[in-house]
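Enquirer: What follows is a predicted protein model with its sequence.
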Amino acid sequence: MRVLTTDTDGLGRTLGVANDREVQVDGLRVRYCHKRLRHSVSPALLRVLPSYIQWANVVHLTAVYSFPTFPTLFFCRLFNKPVVWSPRGALQRWEGTSRVVRKWVWESICQKLAPTNNLVLHATSQAEADQSRKRFPRLRAVVIPNGVDVPQILRRKASNGRLRLLYLGRLHPIKGIEALLEACGIVGELSPDWHLYIAGTGSPSYVDFLKTKVKELGLSKQVEFVGEAFEEKKEALFAQSDVALVPSHIENFGIVVAESLAHAVPVIASKGTPWIGLETNRCGLWVDNDPESLATAIRKIRTLPLQEMGQRGRDWMEKDFSWESLSGEMLALYRECVRS
């Protein structure tokens, strides 16, 4: 398998990797092309893209509103190559969706450039599949969830009696963080015995807005912004948290839910996420993301057996979200595309 991507490490940053040749990464041959603008604008990628597509039996395209999208669809049609296309939630909509007209124009161009057959939408939940097909009704959608690593050893830190809450993810209006803070304000009026860690980054203006809201709600002592969290820092946050909160307006999957459960941390997730299984597997709560509903859920979950819930969630991840089984499903899809 070969991977063609850019050397981006976020806006304004690049990875310290070779970008003039392929390198081996976890058994894959990866070509990092130097980006010029934002995440994905790379003339170098455009130069080598046709040869990679000609080499491939099947092309897996990730993202929608991205520099490589148009040329990838065009060359796949030109060379008659099957495509598995993972929108990663880009085709879903919510009431705060921006640039709707621009996105409609972009999608219309995609429809004209895309192969006329043998193009499959890969969704990570049924909700994403249903909403994505509204944008591309002629395409078949296949649901294959993301996998999650389940750590063999858990390093839990005992609580001192406070309910330790965790938000982990991008700081953006679509994530419902404002409703979560208002819910914490409601909970705080009844019981101050809790602490919320907010891990992640976003635009400086929005982060400042959230911090101002925390002050206005009188929650400065109970809400802590801890910045980006990767690897050891993320592990430490899971170890010291009792409940994870995912109040998003919409999610195609919500990997933080799976990661939290894999670390035996129960989850409160909004109905904008596809995680109704939290209720059926008795490892969390699936609720509306208005402040009152979130506050009620926080009050309720502190009365539940969190340790048992966490273990049930961990068992669920091992059973249904292991990389071994899900990677097998993806390989089967690739083979089906090649045979078609």
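Expert: Looks like it arrived, so ask away.
Enquirer: This protein - how does it break down into domains?
Expert: 2-147+323-339, 163-320 (automatic domain parsing).
Enquirer: quick one: least confident helix or strand in this structure?
Expert: Every helix and strand of the chain was ranked by mean pLDDT, DSSP states H and E. The lowest is helix 177-190, at a mean of 91.
Enquirer: and the following helix or strand past that one with helix 177-190, angle?
Expert: Next along the chain after helix 177-190, taking DSSP states H and E as the criterion, comes strand 194-199. Here the directions of strand 194-199 and helix 177-190 differ by 160 degrees (axes from the mean of the first three to the mean of the last three Cα atoms, to 10 degrees).
Enquirer: following strand 194-199, which helix or strand comes up?
Expert: Once the chain leaves strand 194-199, the next helix or strand it forms, by DSSP H and E, is helix 204-216.
Enquirer: rewinding a little: just name the most buried of the domains of the chain.
Expert: With neighbours defined as mean count of other Cβ atoms under 10 Å, the domains of the chain peak in mean count at domain 163-320, which reaches a mean of 19. Where you see a C-beta, it was placed from the backbone N, CA and C, and this is true even at glycine.
Enquirer: show me where the stretch 201-340 of the chain has strands.
Expert: Ranges of strands in the stretch 201-340 of the chain, per DSSP state E, counting those that start in this stretch, are 223-227, 243-246, 267-270, 284-287.
Enquirer: Save those strands as a markdown table, and put in mean pLDDT too.
Expert: A markdown table is the format used below for the strands of the stretch 201-340 of the chain (pLDDT from 0 to 100):
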| stretch | mean pLDDT |
| --- | --- |
| strand 223-227 | 97 |
| strand 243-246 | 98 |
| strand 267-270 | 98 |
| strand 284-287 | 98 |
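Enquirer: Using a markdown table, lay out the domains of the chain together with distance to residue 154.
Expert: A markdown table is the format used below for the domains of the chain (distance: least, Cβ to Cβ, whole Å):
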| stretch | distance to residue 154 |
| --- | --- |
| domain 2-147+323-339 | 19 |
| domain 163-320 | 6 |
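Enquirer: wait, which of the ones you listed is closest to residue 157?
Expert: domain 163-320 (4.5 Å; Cβ to Cβ).
Enquirer: Please state the offset of the longest helix along the chain from the chain centre?
Expert: Using DSSP state H, we find that the single longest helix of the chain is helix 323-339. Here helix 323-339 is found 21 Å from its chain centre; the criterion is Cα atoms, centre = their mean, to the nearest Å.
Enquirer: May I have that helix exported as CSV, CA atoms only?
Expert: In CSV, the C-alpha atoms belonging to helix 323-339 read as follows (Å, rounded to 0.1, in the frame of the first residue of the first chain):
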residue,chain,number,x,y,z
TRP,A,323,-8.7,-2.9,14.2
GLU,A,324,-8.4,-6.5,13.3
SER,A,325,-12.0,-7.0,12.4
LEU,A,326,-12.6,-3.5,10.9
SER,A,327,-9.5,-3.6,8.7
GLY,A,328,-10.7,-6.9,7.4
GLU,A,329,-14.0,-5.2,6.3
MET,A,330,-12.1,-2.4,4.6
LEU,A,331,-9.9,-4.9,2.7
ALA,A,332,-13.0,-6.8,1.6
LEU,A,333,-14.4,-3.5,0.2
TYR,A,334,-11.2,-2.9,-1.7
ARG,A,335,-11.4,-6.4,-3.2
GLU,A,336,-15.0,-5.9,-4.2
CYS,A,337,-14.2,-2.6,-5.9
VAL,A,338,-11.4,-4.3,-7.9
ARG,A,339,-13.7,-7.1,-9.0
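Enquirer: quick one: which of the domains of the chain is nearest residue 153?
Expert: Of all the domains of the chain, domain 163-320 comes closest under Cβ to Cβ, at 10.4 Å.
Enquirer: How about the backbone phi and psi for the nearest residue to residue 126 once chain neighbours are set aside?
Expert: Nearest residue to residue 126 in three dimensions, chain neighbours excluded: residue 143, at 5.6 Å (Cβ to Cβ, 6 or more residues apart in numbering). Main-chain dihedrals, residue 143, degrees, to the nearest 10: phi -100, psi 120.
Enquirer: For stretch 295-312, measure first residue to last.
Expert: End-to-end span of stretch 295-312 (Cα to Cα, to the nearest Å): 23 Å.
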